[in-house]
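Q: below are the sequence and a predicted model for it; my questions follow.
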Amino acid sequence: YYDSSFIQLSDKGLNLCMENIRLLDSLCRLRKINLTLCVHPWQIQVMKQDTCDYYVRRWADFCKSQNIDFINLFPVFINGENPEAAIKKYYLLHDNHWSEQGHLKVAHYLLKYMFQ
């Protein structure tokens, strides 16, 4: 991910994802369904402590250009807490999926977000 030679492959994947999100957004608009795109950090991104990295910027710019709601969950996990402790607490061991505590953390954040 942080190897510059990987960015070209990453961009290819992001462009494909963005095209699919455009299609999904078109379908949602036809059905009068609001679409929100949400990004969250993997463990390596938590270790890097960057709340607005390359992927966040690309998705944020895309959503803005497409008028799609966007939620950046990076600050939920990157917030001054020790990154190793945060990973142990909020992620499954050697996995980028959240633990029960991680799901609770995101649920609390999303509840506040939805009722602002």
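A: Received it, and whenever you're ready, just let me know what you need. Numbering: from 1, shown residues only.

Q: in the protein, which residue is most central in space?
A: V39 (1.1 Å; CA atoms, centre = their mean).

Q: for that one, which non-adjacent residue is closest in space?
A: Leaving aside its sequence neighbours, V39 sits nearest to W59 (CB to CB, 6 or more residues apart in numbering; 5.2 Å). All C-beta spots, glycine's among them, are computed from the backbone N, C-alpha and C.

Q: where are the low-confidence patches of this structure?
A: Within the chain, the stretches with pLDDT under 70 are 1-2.

Q: what helices or strands is the lengthiest helix in it leaning on?
A: Using DSSP state H, we find that the single longest helix of the chain is helix 4-30. The contact analysis (3 or more CB pairs under 8 Å, 6 or more residues apart in numbering; DSSP states H and E) places helix 4-30 against helix 54-66.

Q: and the helix or strand that the helix it packs on is followed by, how far out from the chain's middle?
A: Using DSSP states H and E, the helix or strand that follows helix 54-66 in sequence is strand 69-72. Relative to the chain's own centre, strand 69-72 is displaced by 8 Å; criterion: CA atoms, centre = their mean, to the nearest Å.

Q: what are the buried residues along strand 69-72?
A: Residues 70-72 are the ones in strand 69-72 that count as buried (16 or more other CB atoms under 10 Å).
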